[in-house]
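>>> Return atomic coordinates for the entry below.
(chains A, B, C, D, E and F)
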Protein chains: 4
Amino acid sequence: MARPLSSEKRTAILEAATQVVAASGTSAATAAIAKSAGVAEGTLFTYFSNKDELLNALYLDIKSDLHALMTRSLKPGGELVDRCRGVWDSFIGWGLANPEKAKALKQLAVSDRITEETRRLSSGLSSPMTAMFQECSVMVVQKGLPKTYAGTLMSVMAEITASYIAGEPAKARRHIRAGFDAYWRAIGQ
Amino acid sequence: MARPLSSEKRTAILEAATQVVAASGTSAATAAIAKSAGVAEGTLFTYFSNKDELLNALYLDIKSDLHALMTRSLKPGGELVDRCRGVWDSFIGWGLANPEKAKALKQLAVSDRITEETRRLSSGLSSPMTAMFQECSVMVVQKGLPKTYAGTLMSVMAEITASYIAGEPAKARRHIRAGFDAYWRAIGQ
Amino acid sequence: MARPLSSEKRTAILEAATQVVAASGTSAATAAIAKSAGVAEGTLFTYFSNKDELLNALYLDIKSDLHALMTRSLKPGGELVDRCRGVWDSFIGWGLANPEKAKALKQLAVSDRITEETRRLSSGLSSPMTAMFQECSVMVVQKGLPKTYAGTLMSVMAEITASYIAGEPAKARRHIRAGFDAYWRAIGQ
Amino acid sequence: MARPLSSEKRTAILEAATQVVAASGTSAATAAIAKSAGVAEGTLFTYFSNKDELLNALYLDIKSDLHALMTRSLKPGGELVDRCRGVWDSFIGWGLANPEKAKALKQLAVSDRITEETRRLSSGLSSPMTAMFQECSVMVVQKGLPKTYAGTLMSVMAEITASYIAGEPAKARRHIRAGFDAYWRAIGQ
DNA sequence: AATGAATGAGAATTCATTCAT
DNA sequence: AATGAATGAATTCTCATTCAT
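The predicted model follows:
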């Protein structure tokens, strides 16, 4: 007993899982993840009782990271449009700075191994952001769109913007700006 | 000439694959697909030389189905906005009418088992639609967005619209209309 | 009914089997043999009721070919040593002229799919040769060796001679002569 | 350090493989080998990464065993003929004492799953024996035979001697003596 | 707690043989 | 008789998970 679970090891496993899932999808072998984390195959299972639990934890971990960043970048006050643009910028910036996390997240998002519970938990992560998108909901509903539309749309539009940037890194700034403008035309004022 | 390869059987396998991939993703077992198609495990491999070939064929098959419908719904002439709305409507209508195909397609689209070649083939399927989105490219480029933006954006916006409809089937009409209006604000005129 | 079994087709299958077994051993697929013979997969089974029967027939076929040649080259009369040398020469000549048959035969000889019955049948094939080796048996028995030693030894010594020739084709004549001389020292006078 | 790889288990697998390959050839199922070794099907693959590796390891293992014995029986000094006879005796003795190893070796020797590399490794196993056959090479070359003839011929002549002994075990001594005498007439003095 | 060997239930694929045409 | 699609048992190998050390 004695030795407590090491959070370093847990982190190492999650980081390794990010790389490996980004590269090979959710069918990545747990042995490959353990090896990449520098721990034994069996050790992985003292931190996560099975592969699904690991994948769900990874999903939450990456989402937390993303939301933490976006929340940090959300200075209260100012025009709604400016705050939204700030979130948009940091959202895309995160994807460019963390391509492996972004890729892993994409894989996890479509996997049926991520439970509804996990998805629910992840969407409740960032209250400041939630609040901001709630402010948007008035505009959005006036247009006949569902309340949560602003958040959902930003997520998918940011993603396609990121993929255009991946193809033309030199034009990143233009894509970011034009992408947000399109977004705002769709839902803003 | 012995028993000829039966296109019914090929179709049955593709249909079974649609169901099974929709339910379990691309990790679905070929045995499960064969069983669901009512053929022997080995028979699957007389129609598709291996699993990857089956998945790629399935991707093309579903895409063809979708594009065929959208092309049919594309009456030449008339305002660009009206033609775009027609495509939008039939795109979403197809997803609602073929939820399994839509779900399977989503899984296939993110799988790295679908080759670049297949993706290329599938995007060249519907020339009338390609032409329509090319008409959009002028507007889109004026807004600083990439040439292919109109098609890409419609695809993701239609998809989120479909998911809202799935949650509130009664409001389908409203979602479809409001969704397209948002789309057109983003890229149109 | 009508059409009788075509001996051409039977021959084609045996020839194809020779090639394919030479190349891939007795684990060669019957489908590969049929294809190489230019007949349908199923047709093979109207000529040979199963794979083992085909392999045994092939063994006998090749052995017959070999024995026929050696019997032809056996002119009656003359010294025993000269007749033996004649058989030796034609034995090795056959292997050099029919490398695929030789290779297939080698594979078949060690396979446990060739029955004892087949092996027995094959050794009784050439009576003139049997007679010659029986003449040898006197010498051989005087040396404390088993009666059938002369035939057995020639078979293995010729085979290693052939493999040396395969490595140094230019020295074929010398290998053939020196090989026989060694053989005759072992069992002759 | 968890359970260490057990050399007992490795040995058990190789022994099981010997039996099974002797009985069924190289097409023996890995499952059958594992079962016969008393380990799980998967365990075989922690000791040998695939079937070919197992077969090659088995080939080397049996050859080592054989060469070790023959090397042990090779007392330095004395006449060449006596040393050769010693090797001959122990070669045949090994085959009689280890019929399964002998049979498995025969199957492996003709299989194309045994690589050139493995064959090369195996022939370099016993340097004392190599040296002895090199001493023979002078005699052999004088007779117009290839340098390596002595070793090659002993191998095949011993093998046919062993098979005669298998048919008449009571006459083992006579076969062994007469066989070697024939061998020595062929290549000696 | 950490390790990694052991396990055995699948997974994809092959293939001899059958059988509808 | 000839064809080749259909069959399903068998094969090699993988992998999440367990468990002895």
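>>> which ones are touching residue A:83?
A:74, A:75, A:132 (C-beta atoms under 8 Å, 6 or more residues apart in numbering or on different chains). C-beta here means a position set from N, CA and C on the backbone, and glycine is covered the same way.
>>> Please apply the same query to residue A:73.
For residue A:73, the contacting residues are A:86, A:87, A:89, A:90, by C-beta under 8 Å, 6+ apart.
>>> The same query, at a cut-off of 10 Å, please.
A:83, A:86, A:87, A:88, A:89, A:90, A:91, A:93, A:94, A:128, A:129 (C-beta atoms under 10 Å, 6 or more residues apart in numbering or on different chains).
>>> Please identify which helix or strand holds the first one.
Put plainly, it is residue A:83. Element membership of residue A:83 [criterion: DSSP states H and E] is helix A:80-97.
>>> Helix A:80-97 and the helix or strand following that helix, what's the angle between them?
Where DSSP H and E defines the elements, the next helix or strand beyond helix A:80-97 is helix A:99-110. Taking axes from the mean of the first three to the mean of the last three C-alpha atoms, to 10 degrees, helix A:99-110 and helix A:80-97 form an angle of 110 degrees between their directions.
>>> can you give me the mean pLDDT across helix A:99-110?
For helix A:99-110, the mean pLDDT works out to 93.
>>> Give the other helices and strands that it contacts.
Helices and strands touching helix A:99-110, by 3 or more C-beta pairs under 10 Å, 6 or more residues apart in numbering or on different chains; DSSP states H and E, are helix A:7-24, helix A:51-72, helix A:80-97, helix A:116-123, helix A:149-167, helix B:99-110.
>>> Identify whichever of these lies nearest to residue B:53.
With C-beta to C-beta as the measure, helix B:99-110 is the member of these nearest residue B:53 (13.0 Å).
>>> Chain neighbours aside, what residue packs nearest to residue A:66?
residue A:94 (5.6 Å; C-beta to C-beta, 6 or more residues apart in numbering or on different chains).
>>> separation between that neighbour and DNA strand F?
28 Å (C-beta to the nearest atom of the strand, to the nearest Å).
>>> Let me know how buried that residue is, in neighbour terms.
Counted with other C-beta atoms under 10 Å in any protein chain shown, residues neighbouring residue A:94 total 22.
>>> Helix or strand for residue A:77, just tell me which one.
Judged by DSSP H and E, residue A:77 forms part of no helix or strand.
>>> For it, which residues are in contact?
Contacts for residue A:77 (C-beta under 10 Å, 6+ apart) come out as residue A:83.
>>> For chain A, give me the ranges with low pLDDT.
Residues of chain A meeting the criterion pLDDT under 70: A:1-5.
>>> distance of the residue positioned nearest the centre of it from DNA strand F?
What sits nearest the mean C-alpha location of chain A, by C-alpha atoms, centre = their mean, is residue A:63, with 4.0 Å. The gap separating residue A:63 from DNA strand F is 22 Å, by C-beta to the nearest atom of the strand.
>>> is it true that that residue touches residue A:125?
Yes. The pair residue A:63 and residue A:125 qualifies as a contact (C-beta atoms under 10 Å) at a distance of 6.1 Å.
>>> if we can go back for a sec, biggest separation within the contacts of residue A:73, which pair?
A:93 and A:128 (17.4 Å).
>>> circling back: now for the residue nearest to the centre of chain A: which residues touch it?
Contacts of residue A:63 by C-beta under 10 Å, 6+ apart are A:101, A:105, A:108, A:109, A:118, A:119, A:121, A:122, A:123, A:125, A:126.
>>> same thing with residue A:151?
A:87, A:123, A:129, A:130, A:132, A:133, A:134, A:136, A:137, A:140.
>>> Same list, these, but as JSON lines with distance to chain D please.
Compiled in JSON lines, the contacts of residue A:151 are given as follows (distance: C-beta to the nearest C-beta, whole Å):
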{"residue": "A:87", "distance to chain D": "48"}
{"residue": "A:123", "distance to chain D": "41"}
{"residue": "A:129", "distance to chain D": "46"}
{"residue": "A:130", "distance to chain D": "47"}
{"residue": "A:132", "distance to chain D": "51"}
{"residue": "A:133", "distance to chain D": "50"}
{"residue": "A:134", "distance to chain D": "53"}
{"residue": "A:136", "distance to chain D": "54"}
{"residue": "A:137", "distance to chain D": "55"}
{"residue": "A:140", "distance to chain D": "55"}
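>>> wouldn't residue A:51 be in contact with residue A:41 here?
No. Judged on C-beta under 10 Å, residue A:51 makes no contact with residue A:41 at a distance of 11.8 Å.
>>> where do the contact lists of these two overlap?
Residues touching both residue A:51 and residue A:41 (C-beta under 10 Å, 6+ apart) are A:29, A:30, A:33.
>>> Residue A:24 is in contact with the second one, correct?
Think residue A:30. No. Taking C-beta under 10 Å as the definition, residue A:30 is not a contact partner of residue A:24, at 11.8 Å.
>>> Of these two, which one has the most company?
Shown here are residue A:30 and residue A:24; by other C-beta under 10 Å, residue A:30 has more neighbours (18 against 14).
>>> Can you tell me how far that one is from residue D:100?
40 Å (C-beta to C-beta, to the nearest Å).
>>> Same drill for residue A:51 and residue A:41, tell me which one is more crowded.
Taking other C-beta under 10 Å, residue A:51 and residue A:41 do not tie; residue A:51 has more neighbours (17 against 14).
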